[in-house]
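In: Sequence first, predicted coordinates after that:
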2 protein chains.
Amino acid sequence: MNRGGARELAWLELHQVSRLLSGELSRRLEAEAEMSLIEHDMLWYLANVPDRRVIMSALADRLMISRSGATRLIDRMVRRGWVSREADPNNRRLTYAVLTPAGAKAVRRSVQVVWRVRPGLFDERLTDADVADLRRVLGKLLRRLDVVD
Amino acid sequence: MNRGGARELAWLELHQVSRLLSGELSRRLEAEAEMSLIEHDMLWYLANVPDRRVIMSALADRLMISRSGATRLIDRMVRRGWVSREADPNNRRLTYAVLTPAGAKAVRRSVQVVWRVRPGLFDERLTDADVADLRRVLGKLLRRLDVVD
DNA sequence: GCACAACGATTGTATACACAATCGTTGTGT
DNA sequence: ACACAACGATTGTGTATACAATCGTTGTGC
């Protein structure tokens, strides 16, 4: 029943690799930095954005999660003291998620974990040519998938 | 703070592509075949395995979900009448998930959706060389990630 | 043969997530 | 100025998932 075509296998392997890689990094982050992968991604993004603050809905888009997902994610981070909420004085519909000093400290630790773990999972196995090929193909796939970037 | 290296971007794009692709196929499956992506994957696997039956834990491994996740997934499928459970007469610890005729019918519909949707998302955008490159790189990544395959 | 470890599946529980509904705020047409 | 649409965020709710504990079954050492 049309099994095993190269394109079907490529599709399968793509998801398999993504799942295995993020699963492994996830476990290591959970164990060594007490945070989930999405929490790390969020903090890392916040740490590298001007003013270390971002509007809730922009955060949701960037992390590819729902608006309510972003609300609850920030709830957890506020409870942990890593992020604070700030209202926009000019437009009271907007809420900023702002990285706190404690959050900056936390993300410094989680980034260390990523730097320690990711090379072994990913970077070290690929030559420059591999990376270039991978990005070329991923770029083609990404191009029309309404990614705002 | 060490942003934007090609390897970091490749990692990001890999997960982004996987997420966007499966998200889109997921929505289409939900809308047009009333099942989730993992449910389709499960039925499709079952439909192509000898005897259309598989041991629970093998199913979990294959789908890369937890054992309890597999139990609950099969619970749902049994409720829908698409899968039945059968005990192994020789080893009463083992449970088989078996595709029912109704399940075979359901997967025929969901496969149609996949065949209709995936080419536009994936296949059509890639040349044979793209697919070969992608699989070469993914293969490298997969090789040591204890994939039973 | 019996005690007990190993095994496969399930259940209890906590958590994360999406979708839909809702709340307060801001923009718009007349 | 007012009614109302649009907007951004949150809350209510249902569901999927994982981890740990447990249940019944099978294998093993003595």
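Out: Received the coordinates, thanks.
In: Tell me the residue of chain A that sits nearest chain B?
Out: Going by C-beta to the nearest C-beta, chain B is nearest to A:Ser18 of chain A, at 3.6 Å. The way it works is simple: take the backbone N, C-alpha and C, and place the C-beta from them, glycine included.
In: what about that residue, how many neighbours?
Out: Per other C-beta atoms under 10 Å in any protein chain shown, the neighbour tally for A:Ser18 reads 21.
In: Return the distance of it relative to DNA strand D.
Out: From A:Ser18 over to DNA strand D the distance is 14 Å, taken as C-beta to the nearest atom of the strand, to the nearest Å.
In: what element comes up after the helix or strand hosting A:Val17 heading to the C-terminus?
Out: Following DSSP states H and E, one finds A:Val17 within helix A:6-33. Sequence-wise, the next helix or strand downstream of helix A:6-33 (DSSP H and E) is helix A:37-47.
In: how about low-confidence regions in chain A?
Out: Across chain A, the ranges flagged by pLDDT under 70 are A:1-4, A:146-149.
In: returning to what we had before: once you drop chain neighbours, what's closest to the residue of chain A closest to chain B?
Out: Distances taken as C-beta to C-beta, 6 or more residues apart in numbering or on different chains put B:Ser18 closest to A:Ser18, at 3.6 Å, once the chain neighbours are dropped.
In: about what we covered before: isn't the residue of chain A closest to chain B up against B:Leu14?
Out: Yes - checked against C-beta atoms under 8 Å, the pair A:Ser18 and B:Leu14 is within contact range at 5.8 Å.
In: show me what contacts the nearest residue to A:Ile55 once chain neighbours are set aside?
Out: What sits nearest to A:Ile55 in space, not counting adjacent residues and going by C-beta to C-beta, 6+ apart, is A:Leu94, at 5.4 Å. Counting by C-beta atoms under 8 Å, 6 or more residues apart in numbering or on different chains, A:Leu94 touches A:55-56, A:87-88.
In: hang on, the earlier thing: can you check what angle separates the helix holding A:Val17 from helix B:6-33?
Out: 120 degrees (axes from the mean of the first three to the mean of the last three C-alpha atoms, to 10 degrees).
In: any idea of the angle helix A:6-33 forms with helix B:37-47?
Out: 130 degrees.
In: Which secondary structure elements does helix A:6-33 sit against?
Out: Contacts defined by 3 or more C-beta pairs under 8 Å, 6 or more residues apart in numbering or on different chains; DSSP states H and E place helix A:6-33 against helix A:37-47, helix A:101-121, helix B:6-33, helix B:128-143.
In: Can you mark which positions in the third one are buried?
Out: Put plainly, it is helix B:6-33. Residues of helix B:6-33 classed as buried: B:7-11, B:13-22, B:24-25, B:28-29, B:33 (neighbour count, 16 or more other C-beta atoms under 10 Å in any protein chain shown).
In: what's the spacing between A:Asp22 and A:Met56?
Out: Quick fix: residue A:22 is Ser, not Asp. From A:Ser22 across to A:Met56, the span is 24 Å (C-beta to C-beta, to the nearest Å).
In: typo on my end, it should be A:Arg92
Out: Taking C-beta to C-beta, one finds A:Arg92 at 13 Å from A:Met56.
In: and the two? which has more neighbours close in?
Out: A:Met56 (18 against 8).
In: Now do the contacts for the most centrally placed residue in chain A.
Out: Among the residues of chain A, the one closest to the centroid is A:Asp41, at 3.5 Å (C-alpha atoms, centre = their mean). By C-beta under 8 Å, 6+ apart, the residues touching A:Asp41 are A:Leu63.
In: which bits of chain A sit near DNA strand D?
Out: A:27, A:55-57, A:60, A:67-68, A:70-72, A:74-75, A:85, A:93-95 (C-beta under 7 Å from any atom of the strand).
In: Stretch A:114-131 near chain B anywhere?
Out: Yes - counting by C-beta under 8 Å from any C-beta of the partner chain, chain B is contacted by stretch A:114-131 at A:118, A:121-123, A:125-126, A:128, A:130-131.
In: hmm, back to that, could you pull up the contacting residues of the residue nearest to A:Ser18?
Out: Contacts of B:Ser18 by C-beta under 8 Å, 6+ apart are A:14-15, A:17-19.
In: and which of these is nearest DNA strand D?
Out: Ranked by distance to DNA strand D (C-beta to the nearest atom of the strand), these are led by A:Arg19 at 9.0 Å.
In: Leaving out sequence neighbours, find the closest residue to the closest one.
Out: B:Met64 (5.7 Å).
In: how close does the residue of chain A closest to chain B get to A:Leu94?
Out: Counting by C-beta to C-beta, the gap from A:Ser18 to A:Leu94 is 33 Å.
In: and if you look at A:Leu126?
Out: 41 Å.
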